[in-house]
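**Student:** sequence and predicted structure below; questions after.
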Amino acid sequence: MKYLKVKVNRLWHGFCSVRSIQVDEAREKGLGLEIWWGDEFIHVPYDSLDKCFTNTDIFRSKHKEGQTYTLVDYDWSTWHKKTDIQEAMF
C-alpha cells in the first residue's frame, strides 16, 4: 500500500492532528497516511482514514489565501501498535 507522508510537530494527549486538506488529498489519490512525529511514524490505511476524531473549528491557512481547513485527530497509540505489528510481519 502507498501512503501520503505527513509530518506533525507534537502529540496532544496522545493524538496527532492532521489538516483535513491532507486527509482529503490522500483520499483523492487513493492513498493512506504515513504520519511522522520525530523519528517515529504510524500508518493509517486508506480504508481507515475515517477512524478519527474531526474538529469543528475552522482554521485559515497562513500560506494559501482563502484556504480553510479543520483538524483531524488520530490516536497515536492505537495506530502505533498496529504499525509495529505490520512491521514485524515483514
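**Tutor:** Nice, I can see it.

**Student:** can you give me the strands in the chain?
**Tutor:** Listed in chain order, the strands of the chain (DSSP state E) span 3-8, 15-19, 32-37, 40-44, 53-54, 59-60, 68-69, 71-75.

**Student:** who wins for proximity to residue 25 among these?
**Tutor:** Closest of those to residue 25 is strand 3-8, at 6.3 Å (criterion: C-beta to C-beta). For the C-beta atoms, the positions are set from N, CA and C on the backbone; glycine is no exception.

**Student:** quick one: pLDDT of residue 50?
**Tutor:** Residue 50 carries a pLDDT value of 93.

**Student:** nope, residue 57 is what I meant
**Tutor:** Residue 57 is given a pLDDT of 94.

**Student:** which residue packs closest to it, ignoring adjacent ones?
**Tutor:** Counting by C-beta to C-beta, 6 or more residues apart in numbering, residue 70 is the residue found nearest to residue 57 once chain neighbours are left out, at 6.5 Å.

**Student:** hang on, that neighbour packs against residue 54?
**Tutor:** Yes - Residue 70 lies in contact with residue 54 (C-beta atoms under 8 Å); the separation is 6.3 Å.

**Student:** who touches both of these two?
**Tutor:** By C-beta atoms under 8 Å, 6 or more residues apart in numbering, residue 70 and residue 54 have these common neighbours: residue 20.

**Student:** alright, I will stop here.
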